[in-house]
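Participant: Attaching a predicted model along with its sequence, questions to come.
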Amino acid sequence: MAHVHMTGSRSVGSSAAILLIALMGCGPALAAPRQAATLQAGFTEMYELRFSTARASFDSYIQEHPKDPMGEASLAAGYLFEEFNKQGILTPAFFLNDKKLLGGVPNPQHDAAQADFLQVDDKAREMAEAILKTSPRDPNALLVLTLANGMQADYDALIAKQHISSLLLLRQTQQSARLLLLVNPNANDAYLALGAANYIIGCLPSYKRFFLSFAGIQGNRALGMQQLKLASESGHYLKPFAKVLLALAALRERQPRLARSLLGQLHQEFPQNPEFTQELANLDRSGEPANLSR
């Protein structure tokens, strides 16, 4: 995992939205145990890059619980995770490289899977919004709305390169995450969205943070680290992604021991994911992340 400094000549919208990529892993912390088991299997398979198997688990959940928007959100997450893996977005060489991180995928390849993601993500959002019209404090619907908007923001920033749209969705994501925590203070997955945005926006040059403040978006690196730590320790299905982002932040802050500890945990939890294995090996060999860009 790579890169320490955020430089200041790139798109504000892209940089503001990108770290909400972590919302791809969000899941229903409030689901009943039997329901959660099906989704747990799907997310575990997704984290280990077994995408077709993950989709089968998510489809099974949708068939069993057609009125729960979390099923559609989880399926959308699987599509987006696979797409980002295909485009190389989840690699350290991309994720911590200023030019790529703030500018999006160079000449992205487009395929049917992207259309599938957009269709399913829209359906999840529509289902959540319908529930919130009659029950505006429904925690599951708030979680789904946070997830759907966050994933759309990531797609717009990284692949579609629609930075204004991404920025607006980022603000909505932060708002729904905060409301979710008011409704359910134990919904610690919401801290992933807040922490990622706080940390990355806090890394931007001051003039970019100034302009973002007019849109009601602010960042704080120290607060972001605290929120990511909370999500990495007490989150549910977002917990692995919180660990990934906290590891990246730790490398930026010159805390390689923390990064190694987090990568070690991820390697143990998901041994079939080669990215965790490779980056842990890189740190073990050199004490520094691979492809470190300064």
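Facilitator: Everything's here; your move.

Participant: okay, now residue 282: neighbour count?
Facilitator: Counted with other Cβ atoms under 10 Å, residues neighbouring residue 282 total 19. C-beta: built from backbone N, CA, C; applies to glycine.

Participant: Relative to residue 139, how far out is it?
Facilitator: 39 Å (Cβ to Cβ, to the nearest Å).

Participant: And stretch 212-224, what's buried?
Facilitator: Of all the residues in stretch 212-224, those buried under the rule 16 or more other Cβ atoms under 10 Å are 212, 217, 219-221, 224.

Participant: go on, stretch 197-209?
Facilitator: Buried residues in stretch 197-209, counted by 16+ other Cβ under 10 Å: 197-204, 208-209.

Participant: ok, so of the buried residues of stretch 212-224, who is nearest residue 239?
Facilitator: The shortest approach to residue 239 among the buried residues of stretch 212-224 belongs to residue 224, at 16.7 Å (Cβ to Cβ).

Participant: Mind checking what secondary structure the closest one has?
Facilitator: helix (DSSP: H, G, I helix; E, B strand; the rest coil).

Participant: got the contact list for it?
Facilitator: 194-200, 202, 249 (Cβ atoms under 8 Å, 6 or more residues apart in numbering).

Participant: Where does the prediction get shaky in the stretch 101-250 of the chain?
Facilitator: 101-103 (pLDDT under 70).

Participant: rerun that using 90 as the cut-off
Facilitator: Low-confidence segments of the stretch 101-250 of the chain (pLDDT under 90): 101-113, 146-147, 149-175, 177, 186-221, 224, 235-242, 244-245, 247-250.

Participant: Quick check: residue 47 vs residue 152, distance?
Facilitator: Going from residue 47 to residue 152 by Cβ to Cβ gives 21 Å.

Participant: do residue 188 as well
Facilitator: The spacing between residue 188 and residue 152, counted by Cβ to Cβ, is 23 Å.

Participant: of the two, who's got more company?
Facilitator: More crowded of residue 188 and residue 152, by other Cβ under 10 Å: residue 152, with 29 against 21.

Participant: Kindly spell out which helices and strands sit in contact with the helix or strand where the more buried one lies.
Facilitator: Following DSSP states H and E, the helix or strand that holds residue 152 is helix 139-155. Using 3 or more Cβ pairs under 8 Å, 6 or more residues apart in numbering; DSSP states H and E, the elements in contact with helix 139-155 are helix 69-87, helix 112-134, helix 163-183, helix 190-203.

Participant: Report the distance from it to the chain centre.
Facilitator: Mean-position distance between helix 139-155 and its chain equals 10 Å (Cα atoms, centre = their mean, to the nearest Å).
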